[in-house]
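Peer 1: after the sequence you'll find the predicted model.
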Amino acid sequence: MMKTRREIADQLMTACTAAGTTHIFGMPGGGSNLDVAGAAVAHGLEFVLVHTETAGAIMASVMGELTGAPSMCIATRGPGAASAVNGVATALVDRQPMLLVTDCVAENERDRVSHQRIDQQALFAPISLGSIVLNGTDPEAASAAVALTGGFPPGPVHIDLDPSAAGTPVPARVAPTHTPIEPVVQLIQAARRPVIIAGTGIAVSQPEARDRLTAAINEIGRTHHVPVLCTYKARGVVPDDAPYNAGWVTGSTIEAAVLNDADLIIGIGFDPVEYLPTAWPYSAPVVVMGSWPLDDGSYTRSTYLGDSVQAESIGDLNEMVSVAADAITSEWAQGDGQNYRQAALNRLLTAASPDPQAGLTPQQVVTSASAAAPRGAIATVDAGAHMLVSMPLWNVDEPEQLLISSSYATMGFALPAAIAASLARPGTPVVCFTGDGGLGMVLNELETVARLGLPIIVVVFNDATLSLIAAKQHPVNHGGSLAVDFTRTDFASVARGCGMKAETIDDVPTYDEALRAAFASGQPTLLDVRVDRSVYGSIMDVLRG
C-alpha cells in the first residue's frame, strides 16, 4: 500500500531524533513541507521559521557542526529549492552534516503539472553527498539517508518525499581505506623543528573525538613546545594565550615565518579546501593525518601541495595523533610559537590608514568587542574585508568560539550562523561580525533574532562598500565605484523596526559603552558601526603581501 507523505515524514523524523537532531529550520511550502513540519513538532523537534531558504540551510549546517548531529532545513519546490542551493553548497565545502527536505511535484503528476517543476535531484546531486527520493516502502531508507550526512567527510543530503515514486537508492556511507601511519612516524622521528597545522578535520569531528584531539594536540605543545597554527575552522583548538600557539594559517604570507623555519609540517585534519588558491611555497616536507584523503573524489587537492606531501595516513585521527606524539622530538623552546603569533598580531594591529576618515578602524571594532565579551562568548564572521581582522583578533580559548564559512566563504553567513549558535548554546552571548553587503543579503533574519529573543549582538562594519573587492580593484579598468559602492544604509533603524535594540556608532568610547550595555542586557542588539575603510589596503599588505 502506498504510504502517505505524513507517514514518510514520520519515518524521517524518527531517524532524525535517533541521530540527535534537535532543530528544523525553513520556510514551508504547501506540500510535503507541512507534513515534515508537523511531524517534526510531533517528535519533539523545535521548528524555526526563517525568511530565506539560504539562511535556513546555513542555520542547519552550523547547528550540525556544533552538535555533531544533522540538523534540517525545509524548502518548497522550485524557487524554494533553488534558493537553498547556496546554503547546501556551503555545508558541502565546509564539511557540515545537514539535511535539506524539499517539496516536489509527485511523479504521478508530472505529466500534468509544470508549475514550479524542476529536476531537483539533478540540481542537488553535485552539491550534496546524495540527492534522494523517499517513498516510504523501505523503513530503513530514512535512517540510511540521515546516516549519510556523517560521511567521510560529513556534508549535506537532499531529500524529496514522494509516495508515488519508485524511490532512489541511498548511497552507502563508506569510510575511506585506512593507510598506515608508519611513513608519517618515520618522518616525524627525523624532524627537530616540526610545526603542526590543525585543520577542518578536527573542527568537524564528533564532539567527544574533537575534545580528545584538542587535548592531545595541546599536550604535544606543552611537552615539546611544538608551534601550532590553526586554520580558520580550527581556531580554538589551542588557546590563543598558549606559549605554543603560533597564530593562524590561510595559505597567505602572514604565517610564512614559522613555516619557513620548520623542518617538517604536520597536518592534522589538514584540508586544503580552506586555503587560498596560491602555490604552496614551503620547502619543508609535509605529512598529513586525516579522516578522509586529500583527494576525496570531489576535489583533487594534493596537486595544491605538489611534491611536498611525503606521507599521508588516513584513519582514526585520535589513534594516529597518539602514535605520532610518541615519535616527536623537538628543539623548539618554550614560547617560540607565541613569539611568531605576537609578531604577526603586531603587524596587523599597527596597519595604518593612509587617509583616515571618520569612524573606527576595523581592528578597533574587533578588539573592543573581544575585550568586552564574557569568557566563552561565540563570534560568527561573515565573508568580506572585516574577516581579515575578525578572525585573528577575536580571542578564543576553546573550539567553537569562532565560526566562519572558511572553505566556501559565502557572504550572508554570519547572521544565520549566529542564530544557530545561539540555539545550540542557549544563554551563551553571540557576537555577529558582518559587513553591510553580507547583512543586506539576510537582512530580514534580524526579525528572526528578535522573535526568538536571542542574546546576539550584531556588529555591522558599515562602510557602504564591498571593501574586500575594492581593495583588489585596478584603479582604472575594474568598474570603479559603480562596482563596489552602496548608499550608506541606516541599519540601526532597520533593526529597531524588526524589534531589536540598536545604536549607530562612530567613535570608540560610544562603542565600548554600547558593547557593555548589550552584553549586560542579554537582549538582541545591533550596533551600526561607521568604519574607516581606507585601512584595508594596509591590512591586505600585512596579511597577503
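Peer 2: Looks like it came in fine.
Peer 1: helix or strand with the lowest mean pLDDT in this protein?
Peer 2: helix 467-472 (a mean of 59; mean pLDDT, DSSP states H and E).
Peer 1: which is the next helix or strand following it?
Peer 2: Per DSSP states H and E, the first helix or strand lying C-terminal to helix 467-472 is helix 491-498.
Peer 1: any residues touching that following helix, and which ones?
Peer 2: The contact list for helix 491-498 (Cβ atoms under 8 Å, 6 or more residues apart in numbering) reads 436, 439, 443-444, 446-447, 449-450, 458, 460, 462, 501-504, 526-528. (Each C-beta comes from the backbone N, C-alpha and C, glycine too.)
Peer 1: mind giving me the PyMOL select for the residues you listed, buried ones only?
Peer 2: Burial among the contacts of helix 491-498 is assessed by 16 or more other Cβ atoms under 10 Å; the matching PyMOL selection reads:
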select buried, resi 436+439+443+446+447+449+450+458+460+462+501+502+503+504+526+527+528
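Peer 1: among the contacts of helix 491-498, which ones are in strands?
Peer 2: Of the positions in the contacts of helix 491-498, 458, 460, 462, 501-504, 526-528 sit in strands, assigned by DSSP state E.
Peer 1: report the two of the residues you listed separated the most.
Peer 2: Using Cβ to Cβ, the ones in strands among the contacts of helix 491-498 span at most 16.8 Å, a distance reached by Asn462 and Lys501.
Peer 1: contacting residues around the spatially most central residue of the chain?
Peer 2: The chain has Ser405 as the residue nearest its centroid, 3.5 Å off, counting by Cα atoms, centre = their mean. Remark: with contacts taken as Cβ under 8 Å, 6+ apart, Ser405 is in contact with 58, 90, 94, 383, 413, 417.
Peer 1: I'd like those residues as a markdown table, with pLDDT appended.
Peer 2: Formatted as a markdown table, the contacts of Ser405 follow (pLDDT from 0 to 100):
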| residue | pLDDT |
| --- | --- |
| Ile58 | 98 |
| Thr90 | 96 |
| Asp94 | 95 |
| Ala383 | 93 |
| Phe413 | 97 |
| Ala417 | 98 |
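Peer 1: picking that back up, and the ones in strands among the contacts of helix 491-498, which is closest to Gly537?
Peer 2: Nearest to Gly537 among those is Asn462, at 18.6 Å by Cβ to Cβ.
Peer 1: which parts of the stretch 51-200 of the chain are helices?
Peer 2: Applying DSSP state H, counting those that start in this stretch to the stretch 51-200 of the chain gives helices spanning 53-67, 79-83, 85-93, 120-124, 141-148, 182-190, 200-203.
Peer 1: now distance to Val157 and mean neighbour count too, for those, in JSON lines please.
Peer 2: Output for the helices of the stretch 51-200 of the chain, formatted as JSON lines (distance: least, Cβ to Cβ, whole Å; neighbours: other Cβ atoms under 10 Å):
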{"stretch": "helix 53-67", "distance to Val157": "11", "mean neighbour count": "30"}
{"stretch": "helix 79-83", "distance to Val157": "14", "mean neighbour count": "19"}
{"stretch": "helix 85-93", "distance to Val157": "9", "mean neighbour count": "25"}
{"stretch": "helix 120-124", "distance to Val157": "9", "mean neighbour count": "18"}
{"stretch": "helix 141-148", "distance to Val157": "5", "mean neighbour count": "23"}
{"stretch": "helix 182-190", "distance to Val157": "32", "mean neighbour count": "16"}
{"stretch": "helix 200-203", "distance to Val157": "19", "mean neighbour count": "27"}
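Peer 1: packing partners for whichever helix in the chain runs longest?
Peer 2: In the chain, assigned by DSSP state H, the helix with the most residues is helix 207-224. Where contact means 3 or more Cβ pairs under 8 Å, 6 or more residues apart in numbering; DSSP states H and E, helix 207-224 is packed against strand 194-198, helix 200-203, strand 228-230, helix 317-327.
Peer 1: average pLDDT for the third one?
Peer 2: So that's strand 228-230. The pLDDT scores in strand 228-230 average 98.
Peer 1: ok, the helix or strand just after it: who's next to it in the sheet?
Peer 2: The helix or strand immediately downstream of strand 228-230 is strand 245-248, counting by DSSP H and E. Its sheet considered, strand 245-248 pairs with strand 228-230 (parallel) by DSSP bridges.
Peer 1: what does the strand it pairs with contact?
Peer 2: Taking Cβ under 8 Å, 6+ apart as the rule, strand 228-230 contacts 195-199, 217, 220-221, 236-238, 242, 244-249, 255, 258-259, 337.
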